[in-house]
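Q: Show me the folded form of this:
(3 chains)
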Amino acid sequence: MVLLADVVTTSHEVSVTRSRKAKTAAIAGLLGRLDPAEVRPATALLAGELPGGRAGVGWSTLAALAVAPAPDPSLTISAVDAAIGEVRLIKGSGSAQRRTAALTALLAQATADEQQFLVRLLGGELRQGALEGVMVEAIATAAGVPTDAVRRAFMLSGRLPATAEAALRGGEPALAEFGLELGRPVRPMLASPAEDLESALVGEVTVEYKLDGARIQVHRDGDEVHVYTRTLREITRSVPELVDLVRGLDCRSVVLDGETLALDDGGRPRPFQETMSRFGAQNSRELLLHPYFFDCLHLDGADLVDLPLRDRLDALAKVAPQHRIPAAVTPTAERAAELFDEALAAGHEGVVVKDLDSGYAAGRRGRAWRKVKPEHTLDLVVLAAEWGHGRRRGYLSNLHLGARDPDGGPPIMVGKTFKGLTDERLAWQTEEFQRRETHRDDWTVHIAPDLVVEIELDGVQTSPRYPGGVALRFARVLRYRPDKDAASADSIEAVRALLPGG
DNA sequence: TTCCGACAGTGGGGTCGCAAT
DNA sequence: ATTGCGACCCCACTATCGGAA
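A: Numbering: from 1, shown residues only, chains lettered A, B, ... in the order given. I've put the predicted structure just below:
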């Protein structure tokens, strides 16, 4: 029987070293000491996940808890697993109070160290420097199997705890038993950013539109259809039109990977927010979702994940020719550039360039898929900055950005960003902002609005919260502009001009 | 010895469902 | 009826380790 205290000790060992090998060794050591029944919950805890998924508890709830710690450790992993499971089930009127009571009862059995661990875990911010990647290595080490065998089982099962359980119980043969299963989503393959289109065009590739919607993975087995998101959450009931469409395809069974989004009457993409409003809305068909498939992982009994993309695209062309994403296979550089322009002209985000010889691999491994999007820049005024957390504690990190008011008023806030800052720049702005400080509160230092920063962004969107009715999307700092002042910053009109159709 | 792939962390805007006010 | 919380959609970027070249 392994105690929560052992997990906490291991987590501490993991957090105090930066060496991945040391982190892996520490976790593997604990995994090797577990009873079989403890492997799943312990794997989740060590990877910073809650066994069974999120429990409806966040920082606000946790911050309100104050419980005297137990003097000695007694909590078992199974007890913690059970307690979190009960918290997750609390619903309905008075649930906040009952949730607090259940959490209080759990924390009362925990020592001070255990309480700290549980609060960070429940808040979803364990921050020990080990998540899925390190855990996959640790499972492989503990079970004495190749990392790739673990990685593959994790991709196909979608679950670390089940992967760890199989690896420790039956080694490589048990891991090899994981196949693609209809009705069980696979962890999706992702694209990493490319410098530009030309640098992404290496070898034999296909170039596809990149759409601004939500990732979907559709499984069909006979008349049974399931739809999953990128994080493997099932959304079948929210998207009946997609279910009907897939049920109408000419096949017995299929697994398709793609993107879905809402279109306007002219067939142009609606803003991402509008597509998003469809998720969770039960059976609302007011705004129809359209699917665009770009991969086929299974067709009529044949699993295709290990085949090269070119073969999977053949299967896709066979089963859903009218729902394929617009693309060009092995285009010339000129044709690829044309397709990129066409995608933008049609209102889409850009393109994804994919290696035709690559197999399907979860995550961003291998750089086989590269996304290319146009970038915009704006010169904006820094209005304030918020103190950072974690490794940014003690630094002013998150910038408040404003656009110039053409009528001469104070700058109009259009968003925040913490991205693109090196440690050096972080240190510089922490000093500089305090020199320019006008006032501060608990979280934020406000400064005189005359420091200009060049911001790179993907675009802007209409905003219900910012005063100008517009907000930046994916903003990051490029550089400070000491040569500019607030009067030469970009105006709110320049920001609004980046709105779709603007 | 240098380079580069993979990871983890640090947060951004927005929408929904649900419970509390 | 409105507000706040939590979950989950989309996401970029830097620092770092450790194996590849």
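
Q: all contacts plus neighbour counts: C-alpha atoms, from now on.
A: OK.

Q: give me the low-pLDDT residue ranges for chain A?
A: For chain A, the stretches with pLDDT under 70 are A:281-285, A:502.

Q: Mind checking what helix or strand follows the longest helix along it in sequence?
A: As assigned by DSSP state H, the longest helix anywhere in chain A is helix A:160-176. Remark: after helix A:160-176, the chain's next helix or strand is strand A:192-193, criterion DSSP states H and E.

Q: close to DNA strand C, is that next one?
A: Yes - with C-alpha under 7 Å from any atom of the strand as the measure, strand A:192-193 is seen reaching DNA strand C through A:192-193.

Q: Just checking: what are the partner strands of that strand?
A: strand A:369-372 (parallel) (DSSP bridges).

Q: what's the closest non-adjacent residue to residue A:196?
A: residue A:372 (6.0 Å; C-alpha to C-alpha, 6 or more residues apart in numbering).

Q: Return the residues of the stretch 1-150 of chain A in contact with DNA strand C.
A: A:18-22, A:53-62, A:123.

Q: circling back: who does the residue nearest to residue A:196 form a beta bridge with?
A: As for beta bridges, residue A:372 partners with residue A:351 under DSSP bridges.

Q: Pull up the gap between it and DNA strand B, please.
A: Distance of residue A:372 to DNA strand B, computed by C-alpha to the nearest atom of the strand, to the nearest Å: 16 Å.

Q: can I assume that residue is in contact with residue A:351?
A: Yes - at 5.4 Å, residue A:372 and residue A:351 qualify as touching, with contact defined as C-alpha atoms under 8 Å.

Q: With neighbour numbers in mind, choose between these two.
A: Legend: neighbour count by other C-alpha atoms under 10 Å for residue A:372 and residue A:351, higher for residue A:351 (28 against 23).

Q: Show the contacting residues for that one.
A: Neighbour list for residue A:351: A:207-210, A:339-340, A:343, A:371-373 [criterion: C-alpha atoms under 8 Å, 6 or more residues apart in numbering].

Q: redo that, cut-off 7 Å
A: A:207-210, A:340, A:371-373 (C-alpha atoms under 7 Å, 6 or more residues apart in numbering).

Q: still on that earlier bit, quick one: the residue nearest to residue A:196 and residue A:499, what's the gap?
A: 19 Å (C-alpha to C-alpha, to the nearest Å).

Q: And for residue A:431?
A: Residue A:431 sits 35 Å away from residue A:499, going by C-alpha to C-alpha.

Q: out of those two, which sits in the more crowded spot?
A: residue A:499 (16 against 13).

Q: Which residue, other than its chain neighbours, is closest to the more buried one?
A: Distance criterion C-alpha to C-alpha, 6+ apart; nearest residue to residue A:499, sequence neighbours excluded, is residue A:460 at 5.5 Å.

Q: Any idea how many residues pack against that neighbour?
A: Other residues near residue A:460 come to 21 when the count uses other C-alpha under 10 Å.

Q: ok, now the one 4 residues further on?
A: By the measure other C-alpha under 10 Å, the count of residues near residue A:464 is 10.

Q: now residue A:267
A: Neighbours of residue A:267 under the rule other C-alpha under 10 Å: 10.

Q: my guess is residue A:213 meets residue A:269, correct?
A: No - Residue A:213 is not in contact with residue A:269 according to C-alpha atoms under 7 Å; the separation is 8.7 Å.

Q: the more surrounded of the two?
A: Neighbour comparison, residue A:213 and residue A:269: the larger count goes to residue A:213, with 25 against 22 (by other C-alpha under 10 Å).

Q: Let's check: the centremost residue of chain A is which one?
A: residue A:231 (7.7 Å; C-alpha atoms, centre = their mean).

Q: Where does that residue fall, secondary structure wise?
A: Using DSSP H and E, residue A:231 sits within no helix or strand.

Q: Which residue is the nearest non-sequential neighbour of it?
A: The spatial neighbour of residue A:231 that comes closest, neighbours along the chain excluded (C-alpha to C-alpha, 6+ apart), is residue A:187 at 7.4 Å.

Q: dump the residue contacts of the one you found.
A: Taking C-alpha under 7 Å, 6+ apart as the test, what residue A:187 contacts is A:155-156, A:158, A:362.

Q: again, only this time at 10 Å
A: Shown in contact with residue A:187 (C-alpha atoms under 10 Å, 6 or more residues apart in numbering): A:152, A:154-159, A:217, A:229-232, A:361-363.

Q: Among these, which are located in strands?
A: residue A:217 (DSSP state E).

Q: and DNA strand B, which of the contacts of residue A:187 contact it?
A: residue A:363.

Q: Scan the contacts of residue A:187 and report the most crowded one.
A: Counting neighbours by other C-alpha under 10 Å, residue A:217 leads the contacts of residue A:187 with 26 neighbours.

Q: Give me the common contacts of residue A:372 and residue A:351.
A: With contacts defined as C-alpha under 10 Å, 6+ apart, the residues shared by residue A:372 and residue A:351 are A:197, A:209-210, A:340.

Q: Output those residues as a markdown table; include the columns distance to DNA strand B.
A: Output for the shared contacts of residue A:372 and residue A:351, formatted as a markdown table (distance: C-alpha to the nearest atom of the strand, whole Å):
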| residue | distance to DNA strand B |
| --- | --- |
| A:197 | 16 |
| A:209 | 20 |
| A:210 | 17 |
| A:340 | 23 |
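
Q: between these, which is nearest DNA strand C?
A: Of all the shared contacts of residue A:372 and residue A:351, DNA strand C sits closest to residue A:210, with 8.0 Å by C-alpha to the nearest atom of the strand.

Q: So chain A: which segments form each domain?
A: Chain A is divided into the following domains under automatic domain parsing: A:4-176, A:190-368, A:376-496.

Q: quick one: terminal-to-terminal distance for the longest one?
A: Right, domain A:190-368. For domain A:190-368, the end-to-end distance is 9 Å (C-alpha to C-alpha).

Q: Same check on stretch A:340-355?
A: Terminal residues of stretch A:340-355 lie 17 Å apart, using C-alpha to C-alpha.

Q: Off-centre distance for it?
A: What separates the centre of stretch A:340-355 from the centre of its chain is 22 Å, taken as C-alpha atoms, centre = their mean, to the nearest Å.

Q: Any buried residues in it, and which?
A: Residues of stretch A:340-355 classed as buried by neighbour count (16 or more other C-alpha atoms under 10 Å): A:340-344, A:347-355.

Q: what's the answer for stretch A:489-496, then?
A: By 16+ other C-alpha under 10 Å, the buried positions in stretch A:489-496 come out as A:489-492, A:495-496.

Q: Put the alpha carbons of it into PDB.
A: What follows is stretch A:489-496, C-alpha atoms only, in PDB (Å, rounded to 0.1, in the frame of the first residue of the first chain):
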ATOM      1  CA  ALA A 489       0.900  54.700 -31.900                       C
ATOM      2  CA  ASP A 490      -1.700  52.900 -34.000                       C
ATOM      3  CA  SER A 491      -5.200  54.100 -33.500                       C
ATOM      4  CA  ILE A 492      -8.300  52.100 -32.600                       C
ATOM      5  CA  GLU A 493      -9.400  52.500 -36.200                       C
ATOM      6  CA  ALA A 494      -6.200  50.700 -37.300                       C
ATOM      7  CA  VAL A 495      -7.100  47.900 -34.900                       C
ATOM      8  CA  ARG A 496     -10.700  47.700 -36.100                       C
END
